[in-house]
Structure formats: structure tokens, C-alpha cells
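Enquirer: The following block contains a protein sequence and its predicted model.
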Amino acid sequence: THTHTTHDTKRSNTNQLPVCSISPRPTTMARSSAMVHGDVDNELTIMPLGAGQEVGRSCHILTYKGQNIMFDCGVHPAMHGIGAIPFFDSFEISSIDLVLITHFHLDHCGALPYLLERVPGFSGKVYMTSATKAIYRWMMADYVRVSNMGADHRLYTEQDVINSMKKIQTINFHQTIREGPVSFTAYAAGHVLGACMFEIEIAGVKILYTGDYSREEDRHLMAAEVPPSRPAILICESTFGSHRHMPIEEREALFTRGIHDVVANGGRCLVPVFALGRAQELLLIIDEYWQQHPELHDVPVYYASNLANRCMSVFTSYVSVMNKRMQQIRNPFHFRHISYVKDMQEFDHEIGDNGPCVMFASPGMLQNGFSRQLFERWAGNEANGVMLAGYAVKGTLAKKLQSEEPLQVQSTSGQMLRRNCQIKYVSFSAHVDCDQNLAFIKAVSPSRVVLVHGERHEMLQFRKLVHSEFGADRMEVHMPENASILQFRYSGEKKAKVIGRLGRAGYTDVDQVSGVLVCKEFNYMVVAPEEIGQYTELKTAKIRQKQTIQFHHPIELLYHLLVSTHGVGFVTQHSTRPDTEDPEGPPQLTEPYLSVMDCIEVTLDTKTHTLQLHWAAAPESDLWADATLAVVMQLESQPSSIKMASAQLAPEKEREEFASLSKKLFFLLSCEFGKGNVTREGSNIVVSSDGQSSTISLASLAVTCSDSRLKRAVTNAVARLKNTLLPHGHTHKAKAEPLSAVAKDPDMAHGTDMVDA
């Protein structure tokens with residue numbers, strides 16, 4: 001919590017809490033090495049460390065108001081080892097405050113164990129849905145097992161995966177969590193079980209990150225939701241660019257018919273799939289198709305994934321977050337025509353190479369593992385087939401087969417294999433196509449769109465569609481590369497509630513309110529200083545400063561030098577402190593003291609020759625204290641300044657003594673001749689008695705009077721008083737001029753009894 005003193009905060013005169021509304025005004029800023037200080041707090045930056053103009057290793061850093069948030073932390077499926085992780089060296093990863101994982105696919109969470117267990121100094125919090133966390137543990141362990149890398153080159157171990165589980169917290173759909181000044185909410189994203197999109201809010205600015213999402217309900221998952229609020233920035237996938245999906249009925253027909261044709265001709269059909277996600281959807285489709293075609297009941301269908309078998313219980317446990325159709329089926333993942341195979345050894349023992357069959361095997365892009373082993377075994381037989389049903393990343397074998405259908409492929413051992421098998425492709429990838437993406441953008445209506453998770457060419461085509469649909473002037477579309485920085489600025493009025501005494505004061509719209517501005521997590525309120533403890537969690541305290549320094553000169557000398565240095569209004573001289581003592585102020589003294597700018601008291605202890613400055617700590621008071629101390633140090637260190645100041649102080653002191661003498665003379669004459677018989681007329685005192693008057697010149701103390709008797713009485717009185725006030729033969733040398741400069745005492749002017757005064 002930070003507190004700032006503010007002034008001139010305007011309020012509205014309503015029955016509710018008066019506020020000043022916020023209206024963020026976004027501005028796009030080019031990347032610059034030199035930024036204006038003060039604008040930094042209003043800068044919002046987005047930096048892809050992966051999936052910037054590519055598909056794979058999704059990882060994006062959002063920075064705003066001092067908060068660093070990471071969206072996803074995946075590995076690239078076409079790369080291995082340290083080259084597969086995001087570009088962590090382009091950002092100070094240990095400064096990440098929050099990591100939000102959208103789903104369990106490797107390209108979105110595969111680098112998370114490395115981040116949590118291998119990056120020094122990382123201490124950020126990690127959130128994902130409970131379904132994602134339940135599958136994450138097995139997905140990461142399986143990735144370690146099938147990586148085909150030596151222990152020295154592995155990104156992390158299975159023990160790292162287990163340790164990382166303790167650092168992951170969960171979030172439910174529609175749940176809003178606040179971490180410091182950041183609040184975030186999870187919404188269903190379709191795609192795979194537990195997948196979510198995150199809407200975050202920092203200081204009134206909302207950003208929606210979709211991750212991978214699908215707006216099409218399938219056999220077991222609901223479609224992605226449309227969040228109710230409008231984000232300032234939408235960070236969305238662009239995997240399929242300007243492509244349009246075939247209707248789901250046509251895709252299912254092509255998929256099932258293609259597999260049917262292969263096995264009907266005695267061949268074996270390999271369906272590479274991700275172990276979890278689309279695999280469950282395809283298994284539901286093929287199991288239903290097999291049930292409807294009795295002629296296929298003798299053709300075995302296998303799912304080669306020990307991981308999927310272990311995780312199927314998770315799918316069964318989270319039927320409640322699937323669509324209504326699945327919730328109405330008692331055991332939706334109990335397949336009638338599909339068997340599980342653990343590994344190649346079990347497959348050879350149980351089945352071998354006899355007869356047709358269908359094999360669902362992971363990974364889906366044929367980069368390694370069981371699916372790659374089967375492909376290399378079956379590729380040479382033209383009766384066999386490969387049904388590609390998911391999205392394939394550039395650089396993987398699946399992508400090469402899909403786009404080129406090469407006659408030869410290189411095996412994992414380096415040998416060239418002839419490819420005679422059939423290649424078929426039907427997209428069941430659970431990503432939005434261009435129409436679904438455009439409809440979603442229109443529904444959430446952001447002012448800015450940032451495209452990620454797509455190849456550059458696909459992004460360019462989709463950006464043209466967005467500009468054509470919404471207008472380039474109405475909606476900005478950005479497509480940053482990896483390790484590049486998008487920089488925006490969001491600034492505007494801040495909304496501050498005026499509460500407590502200030503809120504009840506009944507001000508008009510043009511009145512100004514002065515109070516303390518309290519900021520907590522970018523929420524503001526203005527409150528009277530004495531009510532801070534009542535309306536906030538803050539405690540108030542007064543801090544008084546005291547500075548003590550040796551000083552061997554009269555305090556009048558310091559006064560004169562302060563006046564000559566800073567002006568008459570800078571310092572005031574007082575003879576004694578008032579009778580009432582401030583318990584929090586300096587100790588009560590009867591010595592003369594100085595008041596500097598009405599906030600600093602300067603006292604001198606003539607016995608110990610110590611000068612003390614007392615003031616309440618505040619930036620302005622500290623400044624005046626420094627200025628005063630500078631003069632004190634000048635007096636102590638520069639004898640010439642003392643000599644000059646003393647020379648100027650002598651006539652000043654003499655004038656002060658003379659003014660004091662005149663005042664005392666007036667008082668004593670009033671006591672002797674009666675308070676109504678002594679008056680002040682200009683630079684003279686007039687004494688009246690029995691119709692006669694005598695005039696005393698204050699410049700020379702000479703007495704003039706036409707009545708000799710009265711003159712003698714007044715002259716004797718003045719002489720006696722002079723001897724009393726100046727007993728050591730002091731010679732009065734004051735001139736008339738200084739007297740006119742002395743402040744006229746109203747009591748002297750009107751002859752008031754000085755004792756009563």
C-alpha cells in the first residue's frame with residue numbers, strides 16, 4: 001500500500017461516494033531505448049518468447065504496472081533439448097510474478113518443469129485448471145520417457161516434474177483470483193479437457209488471452225465461451241489463418257470411410273494422435289462407427305498409449321466440465337471395440353503383423369515414440385495407410401507427409417525408407433478456423449488484436465481478413481515475432497472515491513478537496529488525514545526531527561544573517577515561548593528562539609552553546625531545515641561573515657534597545673502622572689497636568705514645557721527613569737529616524753494601562 005498527499009481533487013455532489021472517473025486512452029508506442037521517465041508506469045508490453053509467427057513453445061510475457069505475467073510455457077514439438085524451450089534468455093525470467101497455463105499440451109506447458117525447477121531465482125506463482133494439473137503430471141513424465149535423449153541433455157527429470165506439482169495452484173472456470181494488483185478469471189476454451197482462456201485485469205485494463213480454443217462443440221467438449229466484458233487487448237491464436245474447416249459431419253465421414261477402406265483391403269491404418277485431447281474425440285467417433293458396422297467387428301482397434309490408459313480415469317472424473325451429452329452417459333469412455341496396448345513389445349506379442357487393424361498411437365506429429373516406430377515398420381506396404389487427423393507443425397514428419405507425400409523418408413536411425421503406404425488427411429484439430437476466429441473477435445470487440453500461435457503467412461492472411469471485416473482504423477492487428485516487444489501506453493484519469501468527512505462535506509462540482517490519496521492495488525480513495533486509520537489499514541504517526549549543533553554566537557546574529565540571506569519573511573524572532581507547550585514539540589524554554597517559515601523552531605542553550613532545530617518531518621520542512629543549517633555552518637566556518645554580520649547587527653540592536661526604552665518610559669510616566677494624562681503624538685510623548693502640557697522628544701528625551709513647575713517635574717521624572725533603566729552611564733545615541741520604523745504599539749497610542757495589558 002502506498003500513500004500520497006494530493007490536493008485539488010474534484011468530486012461530484014451526489015448522494016453516493018463522489019468519484020472522478022477513469023477513461024484509459026490507449027496509445028501505440030514504437031520500441032525505443034530511451035523512454036520518458038514517468039511514462040514507464042503507463043506502458044503495457046507484450047513479448048512472445050515462443051509462438052511468435054510460429055506454432056509451438058507458446059510463451060508470452062505481459063508487463064504492466066510493474067507486474068510480469070507469463071501466458072503458457074511450452075516446448076517446440078519439432079525441436080529437442082534446450083533448443084525446444086522458449087527464448088528465456090530474452091527476458092529476466094526470475095522477475096515473473098505469475099504464470100497462467102491454458103491446457104496440458106506439450107507446446108503450452110512442456111517447459112514448465114524446467115522453469116520451476118531449473119531456472120535460478122524463479123519464485124512466481126503458477127495457475128491452471130484442476131483437470132489440466134491432473135493430466136499435466138503424466139504428460140510431463142511421458143515426455144521425459146520418450147525424449148530419446150541422454151540424461152545430460154534432458155531438460156528435466158521425472159523427479160523435477162513431481163517437485164513442480166507442489167508449486168502449481170488451481171483455478172476453476174468463472175473463478176476470479178487476485179494476486180496483488182492482478183485479478184484473473186478462467187473461461188472454458190473447448191480444445192481439450194480443462195483448457196481455459198484467461199482474462200486478466202490490471203489497473204482497469206483488461207487483456208484476454210485465448211490460448212488454443214475451439215468454438216465448435218464436439219462429442220465430448222463444449223465450445224469455448226465468450227467472456228462477458230470487453231478487453232482492451234485480445235491475444236488470440238491464428239493457427240489456421242484464413243482457412244475454413246469442413247463441416248463436422250463431412251469430416252467424420254471422410255475419417256471413418258478412409259480408415260474403413262484401408263482395413264477392407266487388408267491393410268493396417270495408423271492414426272497418429274496426441275496421447276490426450278483429440279485422441280479421445282477420435283476414439284469416440286471410431287467406436288461408434290465400428291458399432292454401426294458389424295462387418296468390422298473382427299478388425300481390432302488399438303490405442304497404443306500407456307499414458308492415455310492411466311489418464312482415462314481423469315477424463316471420467318471430469319465429465320462434469322464436458323458437454324451435456326457426455327454428462328448423460330453413465331460411462332462415456334468405456335469403449336466396446338477398442339483395446340489398449342502398452343508398448344511395441346506387447347503389440348508384437350499380442351498381434352504381430354497378421355491381418356488388418358487400426359492403431360491410434362502417439363505422438364501425433366510422428367517425431368518419435370510408438371507412432372514413429374509403427375510408421376517406419378508399415379510405410380513400405382502400399383496396402384497400409386496413415387490417417388493424419390491433427391495439426392502438424394512445420395519441421396515434423398507429419399507435416400512433411402501432409403504437404404509433400406514424399407516417396408522416401410529418413411528413419412530415426414538415419415536410413416532412407418521407401419514410402420508406399422497411403423497418406424490421408426482430415427483435420428480434427430480443435431482450433432478455430434478463420435470464420436470462427438472472426439466471429440469471436442467481433443463478440444469480444446477489443447480495440448487491439450495480437451496474433452500468436454500461427455505461421456507468418458497464415459497470420460498475414462488472417463490480418464487482412466480482420467482489417468477487411470472491421471476496418472484497419474477501428475482495430476489494430478499486431479503479429480509480433482519471437483523476442484520482439486509490442487509496446488502500448490494506457491493512461492487517463494484515475495478514479496478516486498472521496499470518503500468520510502470529506503465525502504459528507506457537501507461540496508459543489510467546482511470546489512476543491514484537499515486530503516490524502518490512498519492507493520491500494522490501483523484503487524484510489526481520498527480521505528481526511530485524521531480518518532486514515534478509520535477507512536484504511538494504514539497507521540498514522542508524526543515524525544519530529546531534531547538537529548543539534550555547537551554554536552558560539554548570539555541567536556540575534558543568526559537571525560540577522562538568515563534575514564539578509566533569505567529575506568524578512570523567512571524567519572521570525574520571538575522573545576519567549578508561549579505558556580502552552582506542545583507535548584510533541586521541543587522542550588519548553590524561556591530563552592529567545594527563532595521560527596523559520598512557521599515550521600522550524602531554532603533554540604539556543606547559552607550554557608552549553610548548543611543550537612537545536614525542531615521540525616515535523618516533511619519534504620518542505622526538510623528543505624528549510626537544510627537552508628537554516630547551511631547558514632549556521634557558514635557562521636561557524638567563515639569568521640569574515642561573523643564580522644560583517646556583527647557590524648550590521650550593532651545599530652539594529654541599538655534601535656531595538658531604544659524602542660524598548662521608549663516603551664518603558666511611556667509605561668512609567670503613565671504610572672506617575674496617571675494613565676489618562678500621557679499620550680503619544682508622533683515621535684513625542686505628551687504629559688498633561690492641571691491644564692498644562694509638557695512634551696518629551698523620543699529622539700533626544702529632551703523636555704519642553706511653558707510651565708516651569710511641570711517642566712521641572714517631568715524632567716526629574718525622566719532623569720530618574722533614565723538612571724534606573726541605564727544605570728551604568730549608558731549614553732543614548734539613537735536618532736529619530738529608527739523610531740519611525742519601530743512598530744507603533746496600540747497601547748502606547750491610546751494610553752492603555754500597560755499593567756492591565
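Expert: Arrived safely, thanks for sending.

Enquirer: Which residue ranges of the stretch 201-350 of the chain form helices?
Expert: 248-264, 278-292, 306-317, 324-327, 344-350 (DSSP state H, counting those that start in this stretch).

Enquirer: okay, those helices, which one's buried deepest?
Expert: Here the criterion is mean neighbour count by mean count of other Cβ atoms under 10 Å, and of the helices of the stretch 201-350 of the chain the winner is helix 278-292, at a mean of 20. Using the backbone N, CA and C atoms, a C-beta is placed for each residue, glycine as well.

Enquirer: ok so, going back, include mean pLDDT and distance to L155 when you put the helices of the stretch 201-350 of the chain into a markdown table, please.
Expert: Listed next are the helices of the stretch 201-350 of the chain as a markdown table, based on pLDDT from 0 to 100; distance: least, Cβ to Cβ, whole Å:
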| stretch | mean pLDDT | distance to L155 |
| --- | --- | --- |
| helix 248-264 | 94 | 34 |
| helix 278-292 | 90 | 24 |
| helix 306-317 | 74 | 18 |
| helix 324-327 | 82 | 35 |
| helix 344-350 | 76 | 25 |
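
Enquirer: Among the ones you listed, which comes closest to Q550?
Expert: helix 306-317 (78.9 Å; Cβ to Cβ).

Enquirer: Which elements pack onto that closest one?
Expert: helix 130-146, helix 278-292, strand 338-341 (3 or more Cβ pairs under 8 Å, 6 or more residues apart in numbering; DSSP states H and E).

Enquirer: okay, the angle between the second one and helix 248-264?
Expert: An angle of 70 degrees separates the directions of helix 278-292 and helix 248-264 when computed by axes from the mean of the first three to the mean of the last three Cα atoms, to 10 degrees.

Enquirer: Now do helix 278-292: everything it contacts.
Expert: 192-193, 218-221, 252, 255-256, 259-260, 271, 273, 296-297, 299, 301, 303, 305, 308, 315, 332-333, 335-338, 358, 360, 362, 364, 389-390, 428-430 (Cβ atoms under 8 Å, 6 or more residues apart in numbering).

Enquirer: Likewise for the longest one?
Expert: Identification of contacts with helix 130-146 by Cβ under 8 Å, 6+ apart yields 75, 101-106, 109-110, 112-113, 128, 154, 156-158, 161-162, 164-165, 168, 170, 172, 193-196, 275-276, 307, 310-311, 314, 317-318, 321, 363, 368-369.

Enquirer: average pLDDT across that helix?
Expert: If you average the pLDDT over helix 130-146, you get 88.

Enquirer: Helix or strand next in line after that helix, which one?
Expert: Downstream of helix 130-146, the first helix or strand assigned by DSSP states H and E is helix 158-165.

Enquirer: how about that following helix: buried residues?
Expert: Neighbour counts over helix 158-165 (16 or more other Cβ atoms under 10 Å) mark E158, D160, V161, S164 as buried.

Enquirer: Check stretch 663-673 too.
Expert: L665, F666, F667, L668, L669, S670, F673.

Enquirer: Contact partners for the last one?
Expert: So that's F673. The neighbours of F673, taking Cβ under 8 Å, 6+ apart as the test, are V687, S688, S689, A717.

Enquirer: go on, the fifth one?
Expert: Contact criterion Cβ under 8 Å, 6+ apart gives V678, I685, V687, I696, V714, A717, L721 as the residues in contact with L669.

Enquirer: so the first one sits right up against S693, yeah?
Expert: Yep, that's V678 we're talking about. No. The pair V678 and S693 fails to qualify as a contact (Cβ atoms under 8 Å) at a distance of 10.6 Å.

Enquirer: shared neighbours of these two, anything?
Expert: Both V678 and S693 are in contact with V686, V687, where contact means Cβ under 8 Å, 6+ apart.

Enquirer: The two - which one has more neighbours?
Expert: Taking neighbours as other Cβ atoms under 10 Å, V678 and S693 compare with V678 leading, 22 against 17.

Enquirer: Where do the helices of the stretch 501-650 of the chain begin and end?
Expert: Applying DSSP H, counting those that start in this stretch to the stretch 501-650 of the chain gives helices spanning 532-535, 555-566, 619-637, 639-673.

Enquirer: Any buried residues in the third one, and which?
Expert: It stands for helix 619-637. Judged by neighbour count (16+ other Cβ under 10 Å), helix 619-637 contains these buried residues: S621, W624, A625, A627, T628, L629, V631, V632, L635, E636.

Enquirer: Could you provide those in TSV, with additional columns for distance to L374?
Expert: Converted to TSV, the buried residues of helix 619-637 look like this (distance: Cβ to Cβ, whole Å):
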residue	distance to L374
S621	82
W624	85
A625	83
A627	86
T628	89
L629	86
V631	92
V632	91
L635	96
E636	93
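
Enquirer: now the residues you listed in CSV, with distance to W615 and pLDDT?
Expert: Converted to CSV, the buried residues of helix 619-637 look like this (distance: Cβ to Cβ, whole Å; pLDDT from 0 to 100):
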residue, distance to W615, pLDDT
S621, 5, 91
W624, 8, 90
A625, 6, 93
A627, 12, 91
T628, 9, 91
L629, 11, 92
V631, 15, 88
V632, 14, 88
L635, 20, 80
E636, 20, 75
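
Enquirer: List the residue ranges of this protein that fall below the pLDDT cut-off.
Expert: Within the chain, the ranges that satisfy pLDDT under 70 run 1-40, 148-152, 306, 308-309, 352-353, 492-493, 568-569, 576-591, 639-658, 722-757.

Enquirer: who wins for proximity to A496 among the helices of the stretch 201-350 of the chain?
Expert: Ranking the helices of the stretch 201-350 of the chain by proximity to A496 (Cβ to Cβ) places helix 324-327 first, at 46.5 Å.

Enquirer: now the helices of the stretch 501-650 of the chain in TSV, with distance to R178?
Expert: TSV is the format used below for those (distance: least, Cβ to Cβ, whole Å):
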stretch	distance to R178
helix 532-535	20
helix 555-566	51
helix 619-637	33
helix 639-673	61
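
Enquirer: mind checking which of those helices is nearest I177?
Expert: Closest among the helices of the stretch 501-650 of the chain, using Cβ to Cβ: helix 532-535, at 25.6 Å.

Enquirer: got the contact list for the closest one?
Expert: Contacts of helix 532-535 (Cβ under 8 Å, 6+ apart): T3, I499, G500, V516, V518, M525, V527, L538, K539, T540.

Enquirer: Quick one: classify L374 as helix, strand or coil.
Expert: Using DSSP: H, G, I helix; E, B strand; the rest coil, the structure places L374 in helix.

Enquirer: OK, contacts around the nearest residue to it once chain neighbours are set aside?
Expert: In this structure, L374 finds its nearest non-sequential neighbour in L270, 5.4 Å apart by Cβ to Cβ, 6 or more residues apart in numbering. If you count contacts by Cβ under 8 Å, 6+ apart, L270 has them with M359, A361, S371, L374, F375, W378, N384, G385, V386, M387.

Enquirer: what's around the spatially closest residue to N677 that is not a sequence neighbour, how many residues?
Expert: Closest residue in space to N677, ignoring its immediate chain neighbours: S688 at 4.7 Å, by Cβ to Cβ, 6+ apart. Residues near S688, counting by other Cβ under 10 Å, number 15.

Enquirer: Please identify the helix or strand for S688.
Expert: Here S688 is assigned to strand 684-689, by DSSP H and E.

Enquirer: rewinding a little: want to throw the helices and strands packed on helix 306-317 into a markdown table with distance to S468?
Expert: Below are the helices and strands packed on helix 306-317 laid out as a markdown table (distance: least, Cβ to Cβ, whole Å):
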| stretch | distance to S468 |
| --- | --- |
| helix 130-146 | 36 |
| helix 278-292 | 31 |
| strand 338-341 | 45 |
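
Enquirer: Quick one: closest of those to V510.
Expert: Distance to V510, taken as Cβ to Cβ, is lowest for helix 130-146 among the helices and strands packed on helix 306-317, at 54.4 Å.

Enquirer: buried stuff in the closest one?
Expert: 130-144, 146.
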